[in-house]
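Visitor: Prediction below, plus the sequence it came from.
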Amino acid sequence: MADSNFLTEHNARHVWHPMAHPAEMRANPPVIISGGEGTEIIDIDGKRLLDGVGGLWNVNLGYSCDPVKQAITAQLNELPYYSAFRGTTNGPLIELSVALAEFFAPDGMVRSFFTSGGSDSVETALRLARQFHKLNGQAERTKFVSLKKGYHGTHFGGASVNGNQNFRRAYEPLLPGTIHLAAPYAYRNPFNTDDPKVIAECIVQQFADEIAFHGADTIAALIMEPVLGAGGVIVPHEGLMPSLRSLCDKHGILLIADEVITAFGRTGAWSGSRLWGVKPDLMCTAKAITNGYFPFGAVMIGSRVADVFEADRTAMGSIGHGYTYSGHPVGAAAAIACLAETIKKDLPSNAAARGVELFDGLEALKERYPLVGDVRGMGLMCAMELVSNREDKTPVGKDTVAKVYKGAYEAGVMVRTSGNNIILSPTLIITSQDVARILEALQAGLKAAGN
Ligand code: PMP
């Protein structure tokens, strides 16, 4: 590989980075990651870092998962690509659909539609939801409801249901007919309470009000993350998703679970829907489905939706949607191996156990460091929200967040920053010692920030 200075210079000259300002990337060049092993990544200067981010919430099995690497290599040798558009299919995608149907049977999922990532999965689910209602003779049902602070990727549909201004403003006008309910965010919310149960009840009431206001017969679907990830790891009260599901049922509205982060064990449950005991109509997956080793995703389809499509005999029922890489054989082979490893290693159990240790450790940091205003988590998705004043919950500025990041980095742990949050989503194979290492590094970061 070329040397570090060359790469940094050319990165600044030629590359635009996702979710970053080009000028800022020039002033503050990104770290070049050149290796990965087990739970660690290695930067271009040879520094080993425990990856507290798990790639981007996706490298659940770590960086050295040989069965997945071997499955990819073998598939590359056998059939590196062929399309799954009508007329052709391939073995790995069929085998994967069987494995996924079994994996997601407790969630009521019966069919798979393959995509090349999370944004594609969201777009697919939104489109299938509209098509479902058309096939069902309810063509007026076109609107979507979602939660503020929710993140659903960057395609126009997903961006329209996103609940964070930063991903919307520059790209407006977005899809008309999107309705945003409040986030189930106990630390800050418009309801003047920090009681998650009360907040959940208020959001359910909001949903009921919006249904009455718009008319149920105009609403296609509610889309939500079972635990909100990119919005700052917001864990709703256990009653929220089941109550929203009931309202959907009452009014013929589909429920789309965006499980791009939560499927495959991250919350400590096999899926986020199972965590809350809910059966969605459509489920978006991606990320850990291939452990980040190959861009891939799947929308899982429940029987209520599948039955309507499969009973249809009109042109409207044809799925006029799909991607060149839908059902990519290499991605499918990777996913089969990932599923097998996830089950064999019982990753959700480790995520649950290590998640408790991590959460407790973060709570202990909150006791000691006034900079920590709030700590949230479920399994191995956690956030630490930083404030300069606990009384009025003033968010810290970018500089302070950067100091915590840098302090943790110097102490050997990669963390992710998002606004005034430090986000933690390590691989699901971490040990208690790894958790201790993350906590020590965060402590170093908090000290570096002058706390
Ligand atoms: N939905 C959720 C819940 C996500 O977290 C993400 C990505 N962070 C997406 C959708 C979009 O996925 P991708 O970046 O693979 O397009």
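Guide: Received, thanks.

Visitor: part of a helix, is Lys279?
Guide: No. Under DSSP: H, G, I helix; E, B strand; the rest coil, Lys279 falls outside any helix and is assigned coil.

Visitor: neighbours around the residue nearest to it when sequence neighbours are not counted, how many?
Guide: Spatial nearest neighbour of Lys279, excluding adjacent residues (CB to CB, 6 or more residues apart in numbering): Gly108 at 3.8 Å. Just so you know, the C-beta spots here come from the backbone N, C-alpha and C atoms, and that holds for glycine as well. Other residues near Gly108 come to 17 when the count uses other CB atoms under 10 Å.

Visitor: Now do the same contact list for Gly108.
Guide: Gly108 makes contact with 279-280, 302-303 under the criterion CB atoms under 8 Å, 6 or more residues apart in numbering.

Visitor: Of all pairs in those residues, which one spans the longest distance?
Guide: The largest separation in these, counting by CB to CB, is between Pro280 and Ser303 at 11.7 Å.

Visitor: Comparing these two, which residue is more hemmed in?
Guide: Shown here are Pro280 and Ser303; by other CB under 10 Å, Pro280 has more neighbours (32 against 14).

Visitor: Pass me the low-pLDDT residue ranges in the stretch 201-350 of the chain, would you?
Guide: Along the stretch 201-350 of the chain, the model assigns pLDDT under 70 to no residue.

Visitor: Now do the contacts for the closest residue to the ligand within it.
Guide: Nearest residue of the stretch 201-350 of the chain to the ligand: Val260, at 3.5 Å (CB to the nearest ligand atom). Counting by CB under 8 Å, 6+ apart, Val260 touches 118, 121-122, 153, 225, 229, 284-287, 297.

Visitor: would CSV of those residues with neighbour count, secondary structure and distance to the ligand be doable?
Guide: Converted to CSV, the contacts of Val260 look like this (neighbours: other CB atoms under 10 Å; DSSP: H, G, I helix; E, B strand; the rest coil; distance: CB to the nearest ligand atom, whole Å):
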residue, neighbour count, secondary structure, distance to the ligand
Gly118, 29, helix, 2
Ser121, 33, helix, 7
Val122, 30, helix, 5
Gly153, 23, coil, 3
Glu225, 26, coil, 5
Gly229, 27, coil, 5
Cys284, 32, strand, 6
Thr285, 29, strand, 9
Ala286, 27, coil, 5
Lys287, 28, helix, 6
Gly297, 28, strand, 7
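
Visitor: Just checking the lengthiest strand in the chain against the ligand, any contact.
Guide: Ranked by residue count and defined by DSSP state E, the top strand of the chain is strand 381-389. No. Using CB under 6 Å from any ligand atom, strand 381-389 stays clear of the ligand, with a minimum separation of 10.1 Å.

Visitor: Take that strand, keep the C-alpha atoms, and write them as CSV.
Guide: Output in CSV follows, covering the C-alpha atoms of strand 381-389 (Å, rounded to 0.1, in the frame of the first residue of the first chain):
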residue,chain,number,x,y,z
MET,A,381,-25.9,-0.9,21.2
CYS,A,382,-25.2,1.9,23.7
ALA,A,383,-24.8,5.6,23.8
MET,A,384,-23.4,8.1,26.2
GLU,A,385,-24.8,11.6,25.8
LEU,A,386,-22.5,14.4,26.7
VAL,A,387,-23.7,17.7,28.3
SER,A,388,-21.9,20.7,29.6
ASN,A,389,-24.6,21.3,32.2
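
Visitor: I'd like the mean pLDDT over the next helix or strand after that strand, please.
Guide: Heading C-terminal from strand 381-389, the first helix or strand you meet, by DSSP states H and E, is strand 394-395. Averaged over strand 394-395, pLDDT sits at 97.

Visitor: Next: stretch 351-365.
Guide: In the prediction, stretch 351-365 has an average pLDDT of 98.

Visitor: What are the buried residues along it?
Guide: 351-352, 354-355, 357-359, 361-362, 365 (16 or more other CB atoms under 10 Å).

Visitor: next one: stretch 332-352
Guide: Buried residues in stretch 332-352 (16+ other CB under 10 Å): 332-339, 341-343, 345, 347-348, 350-352.

Visitor: and what of stretch 282-298?
Guide: Those would be 282-298, for stretch 282-298 by 16+ other CB under 10 Å.

Visitor: For it, list the C-alpha coordinates in CSV.
Guide: C-alpha atoms of stretch 282-298 as CSV (Å, rounded to 0.1, in the frame of the first residue of the first chain):
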residue,chain,number,x,y,z
LEU,A,282,-42.3,-6.4,6.6
MET,A,283,-38.8,-6.4,8.1
CYS,A,284,-35.8,-4.6,6.7
THR,A,285,-32.4,-6.2,7.2
ALA,A,286,-28.8,-5.6,5.9
LYS,A,287,-25.5,-4.9,7.7
ALA,A,288,-24.7,-7.9,9.9
ILE,A,289,-26.5,-10.2,7.4
THR,A,290,-23.0,-10.5,5.8
ASN,A,291,-21.0,-9.3,8.8
GLY,A,292,-20.1,-6.3,6.7
TYR,A,293,-17.9,-8.4,4.4
PHE,A,294,-20.2,-7.9,1.4
PRO,A,295,-22.9,-5.3,0.6
PHE,A,296,-26.2,-7.1,1.0
GLY,A,297,-29.6,-6.9,2.5
ALA,A,298,-33.0,-8.7,2.7
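
Visitor: Give me the residues contacting stretch 23-35.
Guide: Residues outside stretch 23-35 that contact it (CB under 8 Å, 6+ apart) are 1, 4, 7-8, 11-12, 15-17, 20, 41-44, 409.

Visitor: And it, end to end?
Guide: Stretch 23-35 has its terminal residues 27 Å apart, counting by CA to CA, to the nearest Å.

Visitor: Repeat that for stretch 365-372.
Guide: Terminal-residue distance, stretch 365-372 (CA to CA): 7 Å.

Visitor: same thing with stretch 52-60?
Guide: For stretch 52-60, the first-to-last residue distance is 11 Å (CA to CA).

Visitor: hmm, who's touching it?
Guide: With CB under 8 Å, 6+ apart as the criterion, stretch 52-60 contacts 36, 51, 229, 261, 264-266, 286-288, 291-292, 338, 342, 347, 380-381, 408, 413-416, 423-429, 438, 441.

Visitor: List the buried residues of stretch 366-374.
Guide: 366, 369, 371-374.

Visitor: can you tell me which of those are in strands?
Guide: 372-374.

Visitor: Spatially nearest residue to the residue nearest to the spatial centre of the chain, not counting backbone neighbours?
Guide: For the chain, Ile261 is the residue whose C-alpha lies nearest the centre (CA atoms, centre = their mean; 2.9 Å). Excluding its sequence neighbours, the residue lying closest to Ile261 (CB to CB, 6+ apart) is Gly229, at 4.2 Å.

Visitor: Do I have it right that that neighbour meets Ala263?
Guide: No. If you go by CB atoms under 8 Å, Gly229 and Ala263 don't touch, sitting 11.6 Å apart.
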